[in-house]
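**Q** how would this look folded up:
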Amino acid sequence: NLLGNAVKFSHNNGIVEFDVRLRSAQQQLQFKIKDFGKGIKECDFERIFQPFQQVTTNDKHKVYAGTGLGLPITQKLVEAMGGSIRVDSKVGVFTEFTVLLPIITPSSSSSSTREAEIRELQLPVVAQYCIL
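**A** Below you'll find the model as predicted:
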C-alpha cells in the first residue's frame, strides 16, 4: 500500500525511494518509503490513518482513486505485528512513511543465536524507482 501510494502521488518522471535497514541493536527492521510528490499537511497526519479519510489537494483537476482505507489497514497490520508507522511530509516537496517491525525469532533460540541470525540477514539498503 505504501509503495502504491508513493507511486500514485508522485509527479511524472518522479522518484520513489524504498529503504530497508536492519536495526540490530533494537532487533527491528526499518522500512522507509519516500516520494517527492504533493506532500501532506502536518495537520492531516493523524487523519490519514482514519478510515474513509483522504486529504484534499490544491490540484482540483487531478482525481485519485481510492476509498481511504489503505493507510488505516496498513497501520492496523503493522501494529498487529508489534510495529509502528509514522509519516513525515512537507507539502509540495516529499512524503515519507517509516515502518518499524520487530524481528521475531523462535523463542528456543538463545540471545546470542538470535543476534547472529539477525546479522546474517541480507537486505538492500536503498532502491530508487523512476515514475514514468
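**Q** Pick out the residue closest to the middle of the protein.
**A** In the chain, the C-alpha nearest the mean C-alpha coordinate belongs to Phe97, at 3.7 Å (Cα atoms, centre = their mean).
**Q** would that residue count as being in a strand?
**A** Yes. Counting by DSSP: H, G, I helix; E, B strand; the rest coil, Phe97 is found in a strand.
**Q** does it have beta-bridge partners, and which?
**A** Ile33, Val87 (DSSP bridges).
**Q** Enumerate every residue touching it.
**A** Neighbour list for Phe97: Leu2, Ala6, Lys32, Ile33, Lys34, Ile85, Arg86, Val87 [criterion: Cβ atoms under 8 Å, 6 or more residues apart in numbering]. To be clear about C-beta, it is placed using only N, CA and C from the backbone, and glycine gets the same treatment.
**Q** Would you enumerate the residues in contact with Ser10?
**A** By Cβ under 8 Å, 6+ apart, Ser10 lies in contact with Val16, Asp35, Phe36, Gly37, Ile131.
**Q** Number of residues surrounding the third one?
**A** So the one you mean is Phe36. Phe36 is flanked by 19 other residues according to other Cβ atoms under 10 Å.
**Q** same question, the second one
**A** By the measure other Cβ under 10 Å, the count of residues near Asp35 is 26.
**Q** Could you number the chain from 312 rather than 1 from now on?
**A** Got it, the first residue is 312 from now on, which makes the last one we talked about Asp346.
**Q** Am I right that it is in contact with Gly315?
**A** No. Judged on Cβ atoms under 8 Å, Asp346 makes no contact with Gly315 at a distance of 10.7 Å.
**Q** coming back round to it: for the residue nearest to the centre of the chain, give its distance to Glu328.
**A** 11 Å (Cβ to Cβ, to the nearest Å).
**Q** where do the contact lists of the two overlap?
**A** Joint contacts of Phe408 and Glu328 (Cβ under 8 Å, 6+ apart) are Lys343, Ile344, Lys345.
**Q** Neighbours of the last one, how many?
**A** Other residues near Lys345 number 22, with proximity taken as other Cβ under 10 Å.
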